[in-house]
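sequence-free structure coming up:
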């Protein structure tokens, strides 16, 4: 049988692939918790013989060295990495690997990273044109890769990406594209919600590919705004040295309230919904809703720091652990479920007030010792901002909170209130006492002023 299956990692919007034929299989860009590839391959009667990495990922731990140890497969990675990829052999432009009836041909596609490769997929029974191409973070559905990882070479790497994209386009309009990320990933800003496309469709419709002049493309890429969470450096290091296998049990140890209060964790992370956190949370805890952990945990949690999770239910704890394992921030001492029962027993709770548009309007004209703090990203801010507000991106509060006056009253806002709750929770955990959240934030403001 012949197989090509996409494995999606929620939260990170990471896409990896299992492709097989003739009893053999290859995996492209596996995640850290990689037993899923072995299970799927065995279910299809396939043995994993090759593992292909498109590049040194920045947003998650690669499972390639772990999967290689599990299966004996050979790992292939591109040349020109910053440091040797100790667990991989080097693949170069023009190399060809046979997987049963299929061939995987290597294209060197630098730009997003210096070591970036794309892998063209051919069916030897129909050899004239590529069936598809694994584009990594060079070409997405509706976008192309970011080029901000080499700040001293910004124009050079943007030009390299332009050239790499031409090599991918040369495979032909019929080729199906298989990118390493989908919409919601921090690796791009304009990806389509759709996760299927072809080279031809992207040639006609991808906004970035409509910039056909190389110099114009370079200028556009250099002008883009992207954020790099601190944990990216950890991912880069682990993906050169080789990350460790994930915990055998992917579920936190359950803590009683007394254990939670005495556990000594570096961070108490409340993973409940923002409104639940604002309504009542334990002293010293910060808000990182479970579905926002992949995007924001890496801003506030440092390598090796210990965490205790506070959740609504066991399912939230299990999901949170999956997210944290995939970014190697999994020093979790345990999880607690029971904020509402604790409140019923008299445990003191903190609350974060919510205010509406009319209150914000009044404060903008009348309030003293008060600041409306906008924590959206800079592109959102540039598109539409409330006059009189101050701007600090939510992730940058991990360090820039020192610039704020803890005696001042701050109202946090974003697009809807979710990121504002994260910001409010972080400031509260740093000792800020005069904080509230603009419920609905920019969405509510625009609805009131249209």
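Perfect, I can see it now. Predicted model only: the values in this text are computed from it and were never measured.

mind listing the strands for the stretch 251-400 of the chain?
267-270, 281-282, 285-287, 307-311, 332-337, 349-350, 354-355, 370-374, 390-391 (DSSP state E, counting those that start in this stretch).

among those, which is nearest residue 32?
Among the strands of the stretch 251-400 of the chain, the nearest to residue 32 by C-beta to C-beta is strand 332-337 (14.9 Å). All C-beta spots, glycine's among them, are computed from the backbone N, C-alpha and C.

from memory residue 137 sits against residue 117, does it?
No - the pair residue 137 / residue 117 is not scored as a contact, 10.7 Å apart, by C-beta atoms under 8 Å.

Could you pull out the residues contacting both of these two?
Shared contacts of residue 137 and residue 117 (C-beta atoms under 8 Å, 6 or more residues apart in numbering): 54-55.

one step back: between the strands of the stretch 251-400 of the chain, which gets nearest to residue 449?
Set against residue 449 and scored by C-beta to C-beta, the strands of the stretch 251-400 of the chain come closest in strand 370-374, at 14.6 Å.

in that closest one, what counts as buried?
Under the neighbour-count criterion of 16 or more other C-beta atoms under 10 Å, strand 370-374 has 371-374 buried.

One more: stretch 25-37?
Neighbour-count burial for stretch 25-37, counted by 16+ other C-beta under 10 Å, picks out 25-34, 36-37.

all helices of the stretch 1-150 of the chain, in order?
In the stretch 1-150 of the chain, the segments counted as helices under DSSP state H, counting those that start in this stretch are 35-43, 64-71.

Would you mind finding the most buried of the ones you listed?
Each of the helices of the stretch 1-150 of the chain was scored by mean neighbour count; the highest is helix 64-71, a mean of 21, by mean count of other C-beta atoms under 10 Å.

ok, and what's touching that one?
Under C-beta under 8 Å, 6+ apart, the answer for helix 64-71 is 27, 30, 32, 34-35, 37-38, 47-49, 51, 53, 73-75, 77, 87-88, 242-246.

Run the angle between it and helix 35-43 for me.
40 degrees (axes from the mean of the first three to the mean of the last three C-alpha atoms, to 10 degrees).

looking only at pLDDT, what's the mean for helix 64-71?
Taken as a whole, helix 64-71 carries a mean pLDDT of 98.

out of the strands of the stretch 251-400 of the chain, which comes closest to residue 144?
strand 390-391 (27.4 Å).

Now do residue 95: how many residues are near it, please.
Residue 95 has 16 neighbours, counted by other C-beta atoms under 10 Å.

can you give me phi and psi for it?
Phi and psi for residue 95, reported as degrees, to the nearest 10, are phi -60, psi 150.

ditto for residue 60
phi -160, psi 160.

Which of the helices or strands spans the nearest residue to residue 357 once chain neighbours are set aside?
Leaving aside its sequence neighbours, residue 357 sits nearest to residue 448 (C-beta to C-beta, 6 or more residues apart in numbering; 4.7 Å). According to DSSP states H and E, residue 448 maps onto helix 441-449.
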